[in-house]
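Asker: whatever this is, show me its structure:
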Amino acid sequence: MSGHSKWNNIKRKKGESDAKKAKIFTKIGREMAVAIKESGADPTSNSKLRDVIAKAKTNNVPNDNIKRMIEKYSSASDGADYETILYEGYGPSGIAVIVETMTDNRNRTAADMRHYFDKFGKGLGATNCVSWQFDNKGVLIVEQGDYDEDDFMMMALDAGADDVMLEDGVFEVLTAPDDLGKVREALEAKGISFLEAEVQMVPQSRIRLENEDDVKNMQKLLDMLEDNDDVQEVFHNWEEE
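Answerer: From the prediction side, this is the model:
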């Protein structure tokens, strides 16, 4: 999944293989199952489900697939065994990494996380060992296109955004986590579409890796994490090229 909102990461996501896309669909399906189990299958009354549907659309999940997912997970038994667990650890040269998992077998997931971090990083850490280096934010990414910078910023701030930045031809709109849906829906009403729309752990600063082996191991760590079916999101403070 996204991990963070850098434009190069979004471009990479756009070109993912069919196998990668299938994994994304599976991960979003789990989020949808939990959201429906918690508050029902009607997105008009379930804000968490609305957010998951918006996330599915930014990840190019077809509307028919979204409809089938909702129908599938409307059964009371579906999604009952999933629990969300956060893992924190260190990549090469102390890169901070947070992994959000959704699993029905915490022993399996913990063993996988420990293996990945031991092999390609500096190991798992205790709770809150790196999360203090991140801010929990709603993140909306919009291609600039023909939008005037000042006009767009005023529109986003009027919708309730905390901050707006323009970099590499995309606007990054930041909100309080609980305001993400409200701001997204206000901007959608004005015809704006999103490259990303989700709550993320945004790093307060980023670290560049200079050693080639560190770069390779960091990329391997991210690949292994993102290929794991139990992993929903990966957040880190690596300054990618």
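
Asker: and the longest helix along the chain, what does it pack onto?
Answerer: Counting by DSSP state H, the longest helix found in the chain is helix 18-39. Identification of packing neighbours for helix 18-39 by 3 or more C-beta pairs under 8 Å, 6 or more residues apart in numbering; DSSP states H and E yields helix 47-58, helix 63-72, strand 96-103, strand 231-236. Any C-beta I mention is one placed from the backbone N, CA and C, and that applies to glycine too.

Asker: closest to M154 out of those?
Answerer: For M154, the closest of the helices and strands packed on helix 18-39 is helix 47-58, at 22.7 Å, according to C-beta to C-beta.

Asker: that closest one vs helix 63-72, what angle?
Answerer: Helix 47-58 and helix 63-72 meet at an angle of 150 degrees, taking axes from the mean of the first three to the mean of the last three C-alpha atoms, to 10 degrees as the criterion.

Asker: could you pull out the helices in the chain for me?
Answerer: Using DSSP H, the helices of the chain run over residues 7-14, 18-39, 47-58, 63-72, 106-120, 149-158, 180-188, 212-227.

Asker: any chance of those in CSV, plus mean pLDDT and distance to W238?
Answerer: Listed next are the helices of the chain as CSV, based on pLDDT from 0 to 100; distance: least, C-beta to C-beta, whole Å:
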stretch, mean pLDDT, distance to W238
helix 7-14, 54, 10
helix 18-39, 85, 20
helix 47-58, 92, 22
helix 63-72, 90, 31
helix 106-120, 97, 12
helix 149-158, 96, 27
helix 180-188, 95, 24
helix 212-227, 96, 6
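
Asker: for P92, which of these is the nearest?
Answerer: helix 212-227 (3.8 Å).

Asker: where is the longest strand in this structure?
Answerer: In the chain, taking DSSP state E as the definition, the longest strand is strand 134-143.

Asker: C-alpha coordinates for that strand, PDB please?
Answerer: In PDB, the C-alpha atoms belonging to strand 134-143 read as follows (Å, rounded to 0.1, in the frame of the first residue of the first chain):
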ATOM      1  CA  PHE A 134       5.600  10.300  13.000                       C
ATOM      2  CA  ASP A 135       2.400  12.300  13.100                       C
ATOM      3  CA  ASN A 136      -0.900  10.600  12.500                       C
ATOM      4  CA  LYS A 137      -2.600  12.500   9.700                       C
ATOM      5  CA  GLY A 138      -5.300  12.300   7.100                       C
ATOM      6  CA  VAL A 139      -3.600  12.600   3.800                       C
ATOM      7  CA  LEU A 140      -5.200  13.500   0.500                       C
ATOM      8  CA  ILE A 141      -3.200  13.600  -2.700                       C
ATOM      9  CA  VAL A 142      -4.500  15.500  -5.700                       C
ATOM     10  CA  GLU A 143      -2.800  16.100  -9.100                       C
END
